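Undergrad: have a look; sequence and predicted model below, questions after that.
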Amino acid sequence: MSTLPSEILLYDLHPSAADIRSDVLDGLARRPKQLPSKYFYDARGSELFERICQLPEYYLTRAELALMHTHAPAMGAALGRRALLLEYGSGSGAKTDLLLQHLPEVAAYVPVEISRSALTASVAHLSERFADIPMLPVCADFTQPITLPEPARRAARTIIYFPGSTIGNFNTDQAVRLLTQMRRTMGRNGAALIGVDLVKSPQRIEAAYNDAAGVTAEFTLNLLARLNRELEADFDLGAFRHRARYHPERERIETCIVSRCAQDVRVCGHRVHFAAGEAMRVELSCKYSSESFAHIAERAGLTVSHVWMDAEGLFSVQCLRPAGTPG
């Protein structure tokens with residue numbers, strides 16, 4: 001496991017056991033049942049997700065990395081000097097590395113990541129690559145109100161970086177709320193740089209979430225293993241299966257954990273019944289056209305100033321600014 005250099009302080013606001021318990025029990029009481037996808041990312045889940053990103057079916061990471069290799073210089077020019085770079089869900093930091101190479105005179109880098117192991121590993125790597133950039137890592141759930149550390153250097157603007165396709169994990173209303181939160185955080189002269197997966201053939205989308213090697217299924221069911229460990233649950237992983245289906249009318253993948261039989265599970269001392277074939281939703285993965293994403297941004301008081309795509313048009317990175325500000 002990577003450790004941070006001694007001069008880098010980790011701001012640890014990781015959700016408490018009580019927070020996780022409350023979220024899980026609330027989700028299990030709903031009809032249909034659901035669990036928050038943010039809890040996929042314990043140490044094992046983060047490791048499995050990095051394996052998913054290397055799978056032949058999972059086009060998203062390859063397309064985004066190719067896009068960043070081609071267009072990161074233009075992004076840096078568009079975003080300007082002396083930015084405070086605030087990243088939501090920093091993951092491995094590979095795409096951040098490409099952006100930081102072309103972002104001039106960065107005032108500070110503030111990654112916010114719920115997985116402590118992923119955050120520590122990425123910041124340890126990036127601090128070696130960019131020794132002149134102050135790094136202020138925060139282990140927290142970026143969807144919740146958090147107090148961010150203040151950088152010592154004065155920043156000209158705040159840039160929020162939200163790579164990957166994580167914006168797609170939120171339904172429309174949730175995405176609008178998150179983008180509104182970003183607008184308030186960035187201020188009038190800031191911007192957000194957001195990864196947006198694009199609508200394409202249903203077969204290609206669905207294959208990305210149902211890999212032949214079964215890594216995505218293992219990643220999904222690891223959520224139950226985490227609940228067994230942290231919430232004294234007794235899920236039998238063999239009695240559940242992964243299911244990911246694309247719904248063209250909603251333009252999204254819905255990932256569920258499906259009970260193979262009628263069964264009762266204990267979670268935090270509560271008995272939870274699952275019917276045979278009952279599906280518990282654990283993740284959304286929304287896909288967008290340029291028009292549909294621009295509409296969501298508009299509802300949050302933001303406007304799309306730049307769009308960059310990979311050569312195949314599979315994936316985009318879009319720059320959003322507060323409405324009424326120059327692009």
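TA: Arrived safely, thanks for sending. Numbers count the residues shown, from 1 in each chain.
Undergrad: all helices for the chain, in order.
TA: For the chain, the helices defined by DSSP state H occupy 17-28, 43-52, 59-79, 94-100, 116-129, 172-186, 202-208, 215-230, 290-299.
Undergrad: is it possible to export those to a markdown table including mean neighbour count and distance to His270?
TA: Glycine gets a C-beta too; all of them are placed from N, C-alpha and C. A markdown table is the format used below for those (neighbours: other Cβ atoms under 10 Å; distance: least, Cβ to Cβ, whole Å):
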| stretch | mean neighbour count | distance to His270 |
| --- | --- | --- |
| helix 17-28 | 15 | 6 |
| helix 43-52 | 18 | 23 |
| helix 59-79 | 18 | 36 |
| helix 94-100 | 21 | 40 |
| helix 116-129 | 20 | 27 |
| helix 172-186 | 18 | 26 |
| helix 202-208 | 16 | 34 |
| helix 215-230 | 20 | 12 |
| helix 290-299 | 17 | 36 |
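Undergrad: next, format the ones you listed as CSV and append distance to Glu254 and mean pLDDT.
TA: Formatted as CSV, those follow (distance: least, Cβ to Cβ, whole Å; pLDDT from 0 to 100):
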stretch, distance to Glu254, mean pLDDT
helix 17-28, 15, 94
helix 43-52, 17, 94
helix 59-79, 17, 96
helix 94-100, 26, 95
helix 116-129, 25, 91
helix 172-186, 14, 96
helix 202-208, 11, 97
helix 215-230, 12, 97
helix 290-299, 17, 97
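Undergrad: compare the ones you listed and give me the one nearest Ser165.
TA: Nearest of the helices of the chain to Ser165, taken as Cβ to Cβ: helix 59-79 at 5.6 Å.
Undergrad: that closest one versus helix 43-52: what angle between them?
TA: Put simply, helix 59-79 runs at 90 degrees to helix 43-52, going by axes from the mean of the first three to the mean of the last three Cα atoms, to 10 degrees.
Undergrad: show me how far helix 59-79 is from its chain's centre.
TA: Its chain's C-alpha centre and that of helix 59-79 lie 17 Å apart, by Cα atoms, centre = their mean, to the nearest Å.
Undergrad: ditto for stretch 158-178
TA: In terms of Cα atoms, centre = their mean, the gap separating the centre of stretch 158-178 from the centre of its chain is 8 Å.
Undergrad: cool, and stretch 23-37?
TA: Distance, stretch centre to chain centre, for stretch 23-37: 19 Å (Cα atoms, centre = their mean).
Undergrad: can I get the CA coordinates of that stretch in CSV?
TA: Only the C-alpha atoms of stretch 23-37 are listed here, as CSV (Å, rounded to 0.1, in the frame of the first residue of the first chain):
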residue,chain,number,x,y,z
ASP,A,23,-27.4,4.7,3.9
VAL,A,24,-27.6,0.9,3.6
LEU,A,25,-30.6,0.4,5.9
ASP,A,26,-32.4,3.2,4.1
GLY,A,27,-31.7,1.6,0.7
LEU,A,28,-32.8,-1.8,1.8
ALA,A,29,-36.1,-0.5,3.1
ARG,A,30,-37.0,1.0,-0.3
ARG,A,31,-39.1,-0.6,-3.0
PRO,A,32,-37.3,-1.6,-5.1
LYS,A,33,-34.3,-2.1,-2.9
GLN,A,34,-31.1,-0.1,-3.8
LEU,A,35,-27.7,0.5,-2.4
PRO,A,36,-25.4,3.6,-3.1
SER,A,37,-22.7,2.9,-5.7
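Undergrad: who touches that stretch?
TA: If you take Cβ atoms under 8 Å, 6 or more residues apart in numbering as the criterion, stretch 23-37 is touched by 15, 39, 169, 223, 227, 231, 255, 257, 267-268, 270, 272, 274, 278-284.
Undergrad: residue farthest from the centroid of the chain?
TA: Distance to the chain centre peaks in the chain at Ala262, reaching 32.8 Å (criterion: Cα atoms, centre = their mean).
Undergrad: how about the spatially most central residue of the chain: what's its closest non-neighbour residue?
TA: Closest to where the C-alpha atoms of the chain average out (Cα atoms, centre = their mean) is Thr166, at 3.7 Å. Closest residue in space to Thr166, ignoring its immediate chain neighbours: Gly89 at 5.1 Å, by Cβ to Cβ, 6 or more residues apart in numbering.
Undergrad: do the same with Glu218
TA: Residue nearest to Glu218 in three dimensions, not counting chain neighbours: Leu48, with 6.0 Å by Cβ to Cβ, 6+ apart.
Undergrad: measure that neighbour to Asp42 for me?
TA: 10 Å (Cβ to Cβ, to the nearest Å).
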